[in-house]
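S.K.: 3D, please:
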Amino acid sequence: MSAVQVADPGRAAVYFATTLYLMILAVWLPGYVTSTGRARLLLRAYVAAAVISAALGVLALVAPVPGAELLAEGGRARALFQDPNVFGPFLIPALLVVLEEILEPRLLTARRPVKALMLAVLAVGVLFSYSRGAWVNLAVALLVMGVVLTLRRGGVRRAAGMLAIAAVAAAVAAGTVAATGSGDFLAERARPQQYDVERFSAQRAGLRPAQVYPFGAGPGQFESVAGISAHSTYARALGEQGFPGLVVVLALLAVTLGLAAGNAVRGRSTYGIGSAALLAAWCGLLVSSAFVDTLHWRHLWIVAA
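M.R.: Alright, predicted model coming up:
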């Protein structure tokens with residue numbers, strides 16, 4: 001309904017087609033992952049892609065590797081992603097899964113030292129994305145995962161193990177920062193940035209098209225109507241699909257959160273994919289969505305599925 005009165009039909013068609021493709025992916029994927037073998041295949045593919053991406057992105061910053069200008073942007077790792085703010089969060093679900101696999105092996109058959117190395121590479125990749133959204137995402141996810149593991153039987157031991165592993169990964173990341181002399185840039189990125197004002201203005205700007213158009217301005221029209229990038233999934237949903245669309249999106253996210261929490265409480269895995277990692281990843285994504293436009297992040301829909 002929001003597409004009826006769009007200002008740019010071509011942009012609307014492309015944007016909606018991408019959203020529709022991701023919805024189809026999210027509906028199809030649970031129908032595909034119906035066995036431990038398929039879950040293992042999916043998990044290995046995601047983890048491999050994340051570890052290789054993290055390694056390439058970090059190497060582009062610290063070593064004269066071929067194609068470094070494609071793998072980094074402004075001193076920030078991005079690998080083959082368009083933006084470091086997408087690269088960093090993409091690594092987090094893989095990091096959480098590997099962490100849970102170290103504590104309770106299910107699908108990944110690698111030895112624990114190899115898993116620990118993968119975890120360290122992923123942690124350094126998230127750090128060197130220099131994405132504050134990714135850092136907050138990871139912090140929220142680790143907190144949620146720690147709470148879930150603590151509440152389970154034998155949880156104190158698992159939570160202690162998780163803290164120990166996280167401490168080692170943090171030490172490796174800190175050592176890498178010290179060895180590469182990246183401390184000043186890290187401190188600079190951690191401070192408020194000039195464009196933060198624009199980011200929060202965009203979230204307020206989402207109200208304007210919703211007030212003018214009952215069903216929103218239409219798919220992909222936020223920037224042309226508000227004159228600013230969305231910087232928030234919730235602001236985009238409100239501006240482009242109006243209040244009814246925002247309610248639908250929030251309902252989808254909330255129901256998915258409820259199902260993920262139910263699985264985590266019962267200790268139920270998805271054919272071996274740990275529910276603590278999935279719930280933690282989803283919570284991190286929900287928080288990121290308040291500050292970053294995540295609607296077309298492929299891994300958002302994969303984790304939801």
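
S.K.: Geometric centre of this protein: which residue is closest?
M.R.: Centroid-nearest residue in the chain, with C-alpha atoms, centre = their mean: residue 89, separated by 3.6 Å.

S.K.: Following the helix or strand that residue falls within in sequence, what is the next regular element?
M.R.: Take DSSP states H and E as the rule and residue 89 turns out to sit in helix 84-103. Scanning forward in sequence from helix 84-103 by DSSP H and E, the next helix or strand is helix 112-128.

S.K.: Hey, what's the angle from that following helix to helix 84-103? Just curious.
M.R.: Taking axes from the mean of the first three to the mean of the last three C-alpha atoms, to 10 degrees, one finds helix 112-128 and helix 84-103 inclined to each other by 160 degrees.

S.K.: elements contacting helix 112-128?
M.R.: Judged by 3 or more C-beta pairs under 8 Å, 6 or more residues apart in numbering; DSSP states H and E, helix 112-128 is in contact with helix 36-62, strand 76-77, helix 84-103, helix 132-151, helix 155-180. Every residue, glycine included, has its C-beta placed from N, CA and C.

S.K.: which residues are in contact with it?
M.R.: With contact meaning C-beta atoms under 8 Å, 6 or more residues apart in numbering, helix 112-128 is reached by 47, 50-51, 53-55, 57-58, 61, 76-77, 87-88, 91-92, 94-95, 98-99, 101-102, 105, 108, 110, 134-135, 138, 165, 168-170, 172-173, 176-177, 182, 186.

S.K.: Now a ChimeraX select for only the buried ones of these.
M.R.: To isolate the buried members of those in ChimeraX, using 16 or more other C-beta atoms under 10 Å:
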select :47,50,51,53,54,55,57,58,61,76,77,87,88,91,92,94,95,98,99,101,102,108,110,134,135,138,165,169,172,173,176,177,182
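
S.K.: could you give the mean pLDDT of the helix holding residue 89?
M.R.: Helix 84-103 shows a mean pLDDT of 95 in the predicted model.

S.K.: just stretch 214-231 next, same as before
M.R.: 83.
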